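K.L.:
Sequence and predicted structure below; questions after.
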There are 2 protein chains.
Amino acid sequence: MEANGAIARDIWHEQGGDAPNLLGRREQIYIHAAQLFCTKGFAATSMANIADAVGITKAGLYHFVPSKEELLFTLMTFSMDRLEADVIRPAATIADPIARIRRIVRGHLESVTQVVTPVGNPLTMILEEQTGLSDEKAAIIRARKSAYFQFVRSTLNEIKAQGHMQGLDTRVATFAIFGIILWLARWHRPDGPLTTAEIVDQLTRQALRTILPDQLL
Amino acid sequence: MEANGAIARDIWHEQGGDAPNLLGRREQIYIHAAQLFCTKGFAATSMANIADAVGITKAGLYHFVPSKEELLFTLMTFSMDRLEADVIRPAATIADPIARIRRIVRGHLESVTQVVTPVGNPLTMILEEQTGLSDEKAAIIRARKSAYFQFVRSTLNEIKAQGHMQGLDTRVATFAIFGIILWLARWHRPDGPLTTAEIVDQLTRQALRTILPDQLL
């Protein structure tokens, strides 16, 4: 888990084609597989496609994962592990709910920008995949996503209990914040005009403005 | 085009299974096909799957569309036609950019809520589909989406030229607003605790607050 956190801090910009040396072979497999699943679709992607994209043999790929289904579950788990290490656990130690939501929003945006490919961040997008997992494994991922949603929503509930967010439903407000953050995974590109820090700063400010007045940002 | 606008105002809540009578057969095919493409993936969905979902024979389906590829393009075109009729053309007549962005945000949110299935609004989600179209047809859809993005961004540019949105990049701000609106297509459900009007009101307010102070909403 801590190792995942360290890997996540190495930004991977796939601008040409060669696999980066910053990441271990396992993480390269996750990113290439997620990218293929997001663009071609899970059903249309073969283990041979993934092996080709990573630049290893099919036998080499099977050395790492026994099946395409297992690979999907493993990389979704990897993505949720990163979110927990980089965002949820650090934020959970913050008592003040406004300081906590600031940490969540900025941390999650930074996490999304840590992987950037020509199609965005496939490790974030893959968490919306609706097929390919057994019911049991789909339930495990769903429960982890739901726990994160409740963590954010309960933070907004605390903020509302302090007298802020008048007239705002905290469930809808949580989805609004997630919309800003998760949409970034779809449009972020390696060659954009702004730096990653500028994008994260602006979206943090915009996301917090959906729930708080300017003087509390 | 005007007919599409009229159809779009009939909300379809698929709560059980039967196809609604509000929509024509062609629109039922679009919604069922988009839902299958979004959940199973385009490649994994067959024309037989779509015919089954609509409740017609495969021969009947081929009476409406010659191929799965043509169906994908036709329903993406249908979805963009609705957006143009319901949002872009009415908003384009509004001279004041703040009034115009209000109309765009509210109109697009209302448009997203007009189709609601157990997986959200597949007619909105399908516009992110990355495969299945020929290069030529993909370019047509991409150009229409891009024209809409530029319409919204140029509205924000006008607002910024009036002295608002200090320190905000209008490209990133456009993506933030789209994130709130388009994420709704993923989480909106027929049986949610709030009414559609309550959701649209709150998200309109939250999306506008990302760029404007409260007194200008």
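P.N.:
It's in.
K.L.:
Assumed A:Ala207 was part of a helix.
P.N.:
Yes. Under DSSP: H, G, I helix; E, B strand; the rest coil, A:Ala207 falls within a helix.
K.L.:
Which residue is the nearest non-sequential neighbour of A:Glu198?
P.N.:
For A:Glu198, ignoring the flanking residues on the chain, the nearest one in space by Cβ to Cβ, 6 or more residues apart in numbering or on different chains is B:Asp169 at 7.3 Å. For glycine as for every other residue, the C-beta is placed from the backbone atoms N, C-alpha and C.
K.L.:
wouldn't the one you found be in contact with A:Arg205 here?
P.N.:
No. Using Cβ atoms under 8 Å, B:Asp169 is not in contact with A:Arg205, being 11.2 Å away.
K.L.:
Tell me where the model's unsure across chain A.
P.N.:
A:1-23 (pLDDT under 70).
K.L.:
distance of the residue nearest to the spatial centre of it from A:Ala197?
P.N.:
Most central in chain A under Cα atoms, centre = their mean is A:Thr124, positioned 3.5 Å from the mean C-alpha point. Distance of A:Thr124 to A:Ala197, given as Cβ to Cβ, to the nearest Å: 19 Å.
K.L.:
Equivalent analysis for A:Thr155, please.
P.N.:
Taken as Cβ to Cβ, the span from A:Thr155 to A:Ala197 is 24 Å.
K.L.:
Compare those two (neighbour count), which wins?
P.N.:
A:Thr155 (23 against 10; other Cβ atoms under 10 Å in any protein chain shown).
K.L.:
before we move on, what SS does the more buried one have?
P.N.:
Classification of A:Thr155 using three-state DSSP returns helix.
K.L.:
Report the buried residues of stretch A:107-119.
P.N.:
A:107-117, A:119 (16 or more other Cβ atoms under 10 Å in any protein chain shown).
K.L.:
my read: A:Thr204 touches A:Ile101, true?
P.N.:
No. In this structure A:Thr204 lies outside contact range of A:Ile101 using Cβ under 8 Å: 10.2 Å.
K.L.:
of the two, who's got more company?
P.N.:
A count of neighbours by other Cβ under 10 Å puts A:Ile101 above the other of A:Thr204 and A:Ile101, at 23 against 20.
K.L.:
All the strands of chain A, residue numbers only.
P.N.:
Using DSSP state E, the strands of chain A run over A:12-13, A:115-116.
K.L.:
Report whether stretch A:125-133 contacts chain B.
P.N.:
Yes. For stretch A:125-133, a contact with chain B is found by Cβ under 8 Å from any Cβ of the partner chain, at A:128, A:130-131.
K.L.:
and these as JSON lines, adding neighbour count and distance to A:Asp191?
P.N.:
Output for these, formatted as JSON lines (neighbours: other Cβ atoms under 10 Å in any protein chain shown; distance: Cβ to Cβ, whole Å):
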{"residue": "A:Glu128", "neighbour count": "13", "distance to A:Asp191": "25"}
{"residue": "A:Gln130", "neighbour count": "12", "distance to A:Asp191": "30"}
{"residue": "A:Thr131", "neighbour count": "14", "distance to A:Asp191": "32"}
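K.L.:
Among those, find me the one that's closest to B:Thr93.
P.N.:
A:Glu128 (36.0 Å; Cβ to Cβ).
K.L.:
For A:His188, the count of nearby residues, please.
P.N.:
Neighbours around A:His188, by other Cβ under 10 Å: 21.
K.L.:
Spit out the contact partners of it.
P.N.:
By Cβ atoms under 8 Å, 6 or more residues apart in numbering or on different chains, the contact list for A:His188 reads A:112-113, A:116, A:120-121, A:199.
K.L.:
Take those residues and keep only those in helices.
P.N.:
Among the contacts of A:His188, the members found in helices (DSSP state H) are A:112-113, A:199.
K.L.:
Within reach of chain B, which of those are there?
P.N.:
A:Ile199.
K.L.:
nearest to chain B, of the ones in helices among the contacts of A:His188?
P.N.:
Proximity of those to chain B, judged by Cβ to the nearest Cβ, is greatest for A:Ile199, which lies at 5.9 Å.
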